[in-house]
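[1] Sequence and predicted structure, then a few things I'm wondering about:
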Amino acid sequence: MTADVQATRDVVDIITGGWRAQALYTAVKLGLPDQVEAGRDNDAELAKATGASEQGVHRLMRLLVALGVFGGSNSTGYRGTRVSAALLDGPQSLRDMCLLYGEEFYSAWDHAHHAISTGSSGFEVAYGQSLYDYLGDHAATARRFQLTMNAASMFFHQVPEVYDFTGKKVVDVGGGGGNLLATILAAAPDATGTLFDRDHMTPKAREYLSATVGPDRAEVVGGDMFEGVPEGGDVYILSRVLAGHDDEDVVGVFEHCRRAMAGPSSRLLILDRFVEDENPTVLPALWDLHLLVTTGGEHRTLDRITRLLDRAGLSVERTADLPMETTALIVAPRTS
């Protein structure tokens, strides 16, 4: 029987994905993108600047060049690429994402077999508590998580294109670091906003919103969305906050939003990825499994989220596509 070379290559590419991820994580941990950007373009200079072994740096850089993270070589000089530019330290950097996924989340994935076998979080096996409790106890990781969520917000700039926020009072429920709310308020100068999130998430959000849109246009309120949300909003937003929670809790959040709305013209915007059981695509399916491993949560199908909204007296008015296989649901309260 002749070996299927392409199938073998496909298997090898899949099973070595973790090696590639850890190579990129190590490069970020060492600060190699910033070092190359600063002009340190050979193994000796990079090793001296990072305190790493020159031979180790050489072998790591060789792989990263092969992966397209960097260009050039030790002999001709390393140079940055669009990929390494995305990892440079700065407001929109994916640096914190690489660190979080290379450390805490990588440890959680070490228990993927447990998570898939039991339907419970691998993170809890690795760290002895849930992800959200862990973030509450570890300020540095919570900040990294917040920055990761902000950096992974490639679709935020298009949200004002799918809904008109002009003159609206916007309530961002579970708003994290404030990036989405700031983007919306920048696009609608006469709108005002409230960011609502757990107390340990609010200091960074308050700092960010004060610096970007000013404290007169955006307030920050601490609380628990499962107990209630701020009242009187024209638009409530739930962006990537539902996946870690069970159906009954999600229905409860929907009900809180509906009761808090200023009136029948108010709307709920749900921004999330939705999985498809037929003809699935990689990104939603991959992130769905990641949620199982890290929180015990899941992405839902559009049909399932529609049924949960119906239980809360809400109906999907329309949908809109956003980048990174994200969907916006514009949801209205039922009037009868």
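    Done, it's in. Residues are numbered from 1 along each chain as shown.
[2] And the helices in the stretch 101-250 of the chain, which stretches?
    104-109, 112-118, 122-127, 131-137, 139-151, 159-162, 179-187, 202-212, 247-260 (DSSP state H, counting those that start in this stretch).
[3] Between those, which one is closest to Ala320.
    Evaluated over these, closeness to Ala320 peaks at helix 159-162, with 3.8 Å, by C-beta to C-beta. No exception for glycine: its C-beta is placed from N, CA and C like everyone else's.
[4] ok, and which of the helices of the stretch 101-250 of the chain has the densest surroundings?
    A comparison of the helices of the stretch 101-250 of the chain by mean neighbour count, using mean count of other C-beta atoms under 10 Å, puts helix 179-187 on top with a mean of 22.
[5] hang on, the earlier thing: may I see the helices of the stretch 101-250 of the chain organised as JSON lines, with mean pLDDT added?
    Listed next are the helices of the stretch 101-250 of the chain as JSON lines, based on pLDDT from 0 to 100:
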{"stretch": "helix 104-109", "mean pLDDT": "96"}
{"stretch": "helix 112-118", "mean pLDDT": "95"}
{"stretch": "helix 122-127", "mean pLDDT": "96"}
{"stretch": "helix 131-137", "mean pLDDT": "90"}
{"stretch": "helix 139-151", "mean pLDDT": "83"}
{"stretch": "helix 159-162", "mean pLDDT": "96"}
{"stretch": "helix 179-187", "mean pLDDT": "95"}
{"stretch": "helix 202-212", "mean pLDDT": "90"}
{"stretch": "helix 247-260", "mean pLDDT": "97"}
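[6] With distance to Leu238 added, can I get those in CSV?
    Shown next, in CSV, are the helices of the stretch 101-250 of the chain (distance: least, C-beta to C-beta, whole Å):
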stretch, distance to Leu238
helix 104-109, 23
helix 112-118, 25
helix 122-127, 22
helix 131-137, 16
helix 139-151, 14
helix 159-162, 12
helix 179-187, 11
helix 202-212, 16
helix 247-260, 7
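[7] quick one: which of these is nearest Leu63?
    helix 104-109 (17.5 Å).
[8] could you dump the closest one to PDB, C-alpha only?
    Provided in PDB are the C-alpha atoms of helix 104-109 (Å, rounded to 0.1, in the frame of the first residue of the first chain):
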ATOM      1  CA  GLU A 104      -2.100  30.200  31.400                       C
ATOM      2  CA  PHE A 105      -4.100  29.000  28.400                       C
ATOM      3  CA  TYR A 106      -1.400  26.700  27.200                       C
ATOM      4  CA  SER A 107      -1.400  25.100  30.700                       C
ATOM      5  CA  ALA A 108      -5.200  24.700  30.400                       C
ATOM      6  CA  TRP A 109      -4.900  23.000  27.100                       C
END
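[9] you'd agree Asp321 is up against Thr327?
    Yes - the pair Asp321 / Thr327 is scored as a contact, 6.3 Å apart, by C-beta atoms under 8 Å.
[10] Kindly state the domain boundaries assigned to the chain.
    With domains defined by automatic domain parsing, the chain comprises 5-89, 96-149, 153-333.
[11] can you give me the strands in the chain?
    Counting by DSSP state E, the chain has strands at residues 70-71, 79-80, 169-173, 192-197, 218-222, 235-239, 267-272, 314-322, 326-333.
[12] want to throw those into a markdown table with mean pLDDT and mean neighbour count?
    Below are these laid out as a markdown table (pLDDT from 0 to 100; neighbours: other C-beta atoms under 10 Å):
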| stretch | mean pLDDT | mean neighbour count |
| --- | --- | --- |
| strand 70-71 | 98 | 20 |
| strand 79-80 | 98 | 16 |
| strand 169-173 | 98 | 25 |
| strand 192-197 | 96 | 25 |
| strand 218-222 | 95 | 19 |
| strand 235-239 | 97 | 25 |
| strand 267-272 | 97 | 22 |
| strand 314-322 | 96 | 15 |
| strand 326-333 | 97 | 20 |
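[13] Save those strands as CSV, and put in distance to Ser130 too.
    Formatted as CSV, the strands of the chain follow (distance: least, C-beta to C-beta, whole Å):
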stretch, distance to Ser130
strand 70-71, 37
strand 79-80, 38
strand 169-173, 20
strand 192-197, 17
strand 218-222, 19
strand 235-239, 20
strand 267-272, 20
strand 314-322, 28
strand 326-333, 25
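[14] The ones you listed: which one's closest to Ala140?
    Ranking the strands of the chain by distance to Ala140, with C-beta to C-beta as the measure, places strand 192-197 first at 17.9 Å.
[15] chain center to the closest one: distance?
    Distance of strand 192-197 from the chain centroid (C-alpha atoms, centre = their mean, to the nearest Å) equals 19 Å.
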